[in-house]
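[1] Dropping the sequence and predicted coords here.
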There are 2 protein chains.
Amino acid sequence: MSAKPCTLCETDGGEVIFRHPLFRVIDALDTNYPGFLRVVWNAHVREFSELTAEQRALCMDVVVCLEQFVLAEFKADKANLATLGNVVPHVHWHVIPRFTDDPHFPAPVWAALPEGAMLSPRQAVILESQSQWKPRLAAMLGQRFPF
Amino acid sequence: MSAKPCTLCETDGGEVIFRHPLFRVIDALDTNYPGFLRVVWNAHVREFSELTAEQRALCMDVVVCLEQFVLAEFKADKANLATLGNVVPHVHWHVIPRFTDDPHFPAPVWAALPEGAMLSPRQAVILESQSQWKPRLAAMLGQRFPF
């Protein structure tokens, strides 16, 4: 718990795709990574290990569900999962669809952007088709994580 | 499964601290991040979601155990967890103790190294005291994950 205001307590942190009493799934709206999703734990918790075993299991079930979604729906070449929180120490997981021709591949998305890096054509499709896959993802999450 | 040889199938990938039939815990030997640990799944599996639910639970229990260790033992200011695998697509988790005065903070460790970046004094202590904390960590993992 920090005395400083927390961005993820005060705002959704992105475009909400699915809202659950314990977490939300958002589109991170990363211009270099269409389909970059985040699972944000609703309560302000600093470290993943501070969640209870049951909460961690639920959180990872959601992360895994998103990983499977980006691999199946976007045909990503690789999924990247991370929880860092150095800037916003409020538990949130990054789920990033990676393509062998995306702006940083095979470097992590946090590496310096190579000069002339461009969206992969497959990433452009994710952006263009968001009005189709977002409702599908929301429906799937609603079925998988009822409340 | 790839036709290319896999570094994590052919080598331990670092200095083994604890070896379990299903996974190993290694010191990543990252010069900028003493105490950077990895959980490497022994079998060649590409994506985290390809593990069974039981295997994923075990794997995350180990990751969480390491996170708790780096927070308690190293008094890290933040833990970072990630599984990327773009270069070596064989499931392995990074557990990184972060300090507000470490080489990249608050940026991810994969960002460009700021000019003149230096080890935090607290990171130097981790390096110097490895002969003490490594046996403690190994013993703790042996108790927590018997086989």
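    Yep, that arrived.
[2] Name the nearest residue to A:Asp101, ignoring sequence neighbours.
    In space, and not counting its chain neighbours, A:Asp101 is closest to A:Ser120: 4.3 Å by CB to CB, 6 or more residues apart in numbering or on different chains. In this view, the C-beta of every residue, glycine as well, is placed from N, C-alpha and C.
[3] A:Phe74 versus the one you found, what's the distance?
    For A:Ser120, the distance to A:Phe74 equals 10 Å [CB to CB, to the nearest Å].
[4] what residues are shared contacts of these two?
    Between them, A:Ser120 and A:Phe74 have no joint contacts when contacts are counted by CB atoms under 8 Å, 6 or more residues apart in numbering or on different chains.
[5] tell me the SS of the spatially closest residue to A:Pro121 that is not a sequence neighbour?
    Residue nearest to A:Pro121 in three dimensions, not counting chain neighbours: A:Asp101, with 7.7 Å by CB to CB, 6+ apart. For A:Asp101, the secondary-structure state derived from DSSP: H, G, I helix; E, B strand; the rest coil is coil.
[6] Pretty sure A:Asp101 sits against A:Ala124.
    No. Look at A:Asp101 against A:Ala124 with CB atoms under 8 Å: they stay out of range, at 11.1 Å.
[7] and the angle for the longest helix anywhere in chain A with helix B:53-73?
    The helix that spans the most residues within chain A, counting by DSSP state H, is helix A:53-73. An angle of 120 degrees separates the directions of helix A:53-73 and helix B:53-73 when computed by axes from the mean of the first three to the mean of the last three CA atoms, to 10 degrees.
[8] Next secondary structure after helix A:53-73?
    Downstream of helix A:53-73, the first helix or strand assigned by DSSP states H and E is strand A:78-83.
[9] just how off-centre is that following strand within its chain?
    Counting by CA atoms, centre = their mean, to the nearest Å, strand A:78-83 is centred 9 Å from the centre of its parent chain.
[10] Quick one: residues in contact with it.
    The set of residues that contact strand A:78-83 without belonging to it, under CB under 8 Å, 6+ apart, is A:48, A:63, A:67, A:70-71, A:91-98, A:108-109, B:46-49, B:80-86, B:89, B:108.
[11] got the angle between the helix or strand following it and strand B:78-83?
    Secondary structure here is assigned by DSSP H and E; on that basis, the next helix or strand after strand A:78-83 toward the C-terminus is strand A:92-98. Calculated by the same axes, to 10 degrees, strand A:92-98 forms an angle of 30 degrees with strand B:78-83.
[12] Quick check: which ranges of chain A have low pLDDT?
    Under the criterion pLDDT under 70, the flagged ranges of chain A are A:1-3.
[13] Show me which residues of chain A sit near chain B.
    Proximity of chain A to chain B (CB under 8 Å from any CB of the partner chain) is limited to residues A:46-49, A:56-57, A:60, A:64, A:67-68, A:71, A:78-87, A:89, A:98, A:105-108, A:110-112.
[14] Which among those residues count as buried?
    By the neighbour-count criterion of 16 or more other CB atoms under 10 Å in any protein chain shown, those include these buried positions: A:46-49, A:56, A:60, A:64, A:67-68, A:71, A:78-86, A:89, A:98, A:105-108, A:110.
[15] got the contact list for A:Pro103?
    Under the criterion of CB under 8 Å, 6+ apart, the neighbours of A:Pro103 are A:Asn32, A:Tyr33, A:Val109, A:Leu113, A:Pro114, A:Ala117, A:Met118, A:Leu119, A:Ser120.
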